[in-house]
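K.L.:
My questions concern the predicted model and sequence given below.
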Amino acid sequence: MRTMRFAAAIASAMALSNPASAGFFDFTLAPYVGASAGQSTTDSCITGTCDKSDIGWKAYGGLEVNEYISMEVGYVDLGTVDYSAPTGTRKTHGVTMQLLGTYALNPSFTLLARGGMNFLKTDVSGAVAGASGNAEDTDVVWSLGLGAQYNFTQSVGLRMEWERYFEAGSPAFNGGTGEADVDLISAGLVFKF
């Protein structure tokens, strides 16, 4: 009986050390930082007429858990929507917390998919905010995104992404900011340590 247990332990150890089991359970724990900029676009003017596009940007840091999953935290500024009838502005920005899935097609090119929970603040000012002239809301905003990364070296990459932030803001009735989906198309650099 003792010999059977010993043989089973040896077989298990050999199976787990086999390169076929490498990958998902191989923890790399590599930190990285990055920054991207691009165009943000809202899906709705909420009221009146507006300029739906602006410059958006984000800065982030992350931890590559393994070759397939990373965790990121950062700050995103989704730009300002300028209203002309009635006049006013709407700005959305805040903290992001996302999981990033990666799949390397080869050492130079990686596909990306992301999703997460973000704490975004929406500020509305001017006549578009109603009688008060100002309205704000900080809320949990869910997001999804797709992208790709070209790796110049093992430490430096160019990342291009599309992200959607769902229903940023609060309902427009009773002095709210109004809700809108905001897209961010961005490109930037990533530095892995």
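P.N.:
Happy to help now that I have it.
K.L.:
would you say residue 46 is within a helix?
P.N.:
No. Using DSSP: H, G, I helix; E, B strand; the rest coil, the assignment for residue 46 is coil, not a helix.
K.L.:
which residues in this protein form helices?
P.N.:
For the chain, the helices defined by DSSP state H occupy 2-17.
K.L.:
Next, name the residue at the spatial heart of it.
P.N.:
Ranked by distance to the mean C-alpha position of the chain (Cα atoms, centre = their mean), the top residue is residue 98 at 5.5 Å.
K.L.:
Quick check, residue 165 in contact with residue 120.
P.N.:
Yes. Using Cβ atoms under 8 Å, residue 165 is in contact with residue 120, at 6.7 Å. Every C-beta, even on glycine, is put in place using the N, C-alpha and C of the backbone.
K.L.:
Of those two, which one has the most company?
P.N.:
residue 165 (26 against 22; other Cβ atoms under 10 Å).
K.L.:
Give the residue spans of the protein that score low on pLDDT.
P.N.:
1-24, 129-132, 174-175 (pLDDT under 70).
K.L.:
can you give me how far the longest strand anywhere in it is from the chain middle?
P.N.:
As assigned by DSSP state E, the longest strand anywhere in the chain is strand 87-106. With Cα atoms, centre = their mean, to the nearest Å as the basis, strand 87-106 stands 3 Å off its chain's centre.
K.L.:
Does anything pack onto it? Which helices or strands?
P.N.:
For strand 87-106, the packing partners by 3 or more Cβ pairs under 8 Å, 6 or more residues apart in numbering; DSSP states H and E come out as strand 53-64, strand 69-85, strand 109-126, strand 134-151.
K.L.:
What pairs with that strand, parallel or antiparallel?
P.N.:
Sheet partners assigned to strand 87-106 using DSSP bridges are listed as strand 69-85 (antiparallel), strand 109-126 (antiparallel).
K.L.:
related to what we said a few turns ago, would you turn the helices and strands packed on strand 87-106 into JSON lines with distance to residue 187?
P.N.:
Listed next are these as JSON lines, based on distance: least, Cβ to Cβ, whole Å:
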{"stretch": "strand 53-64", "distance to residue 187": "11"}
{"stretch": "strand 69-85", "distance to residue 187": "15"}
{"stretch": "strand 109-126", "distance to residue 187": "12"}
{"stretch": "strand 134-151", "distance to residue 187": "9"}
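K.L.:
how much space between the residue nearest to residue 116 when sequence neighbours are not counted and residue 37?
P.N.:
Across the structure, with Cβ to Cβ, 6 or more residues apart in numbering as the measure, the residue nearest residue 116 apart from its sequence neighbours is residue 98 (2.9 Å). Separation of residue 98 from residue 37 (Cβ to Cβ, to the nearest Å) stands at 18 Å.
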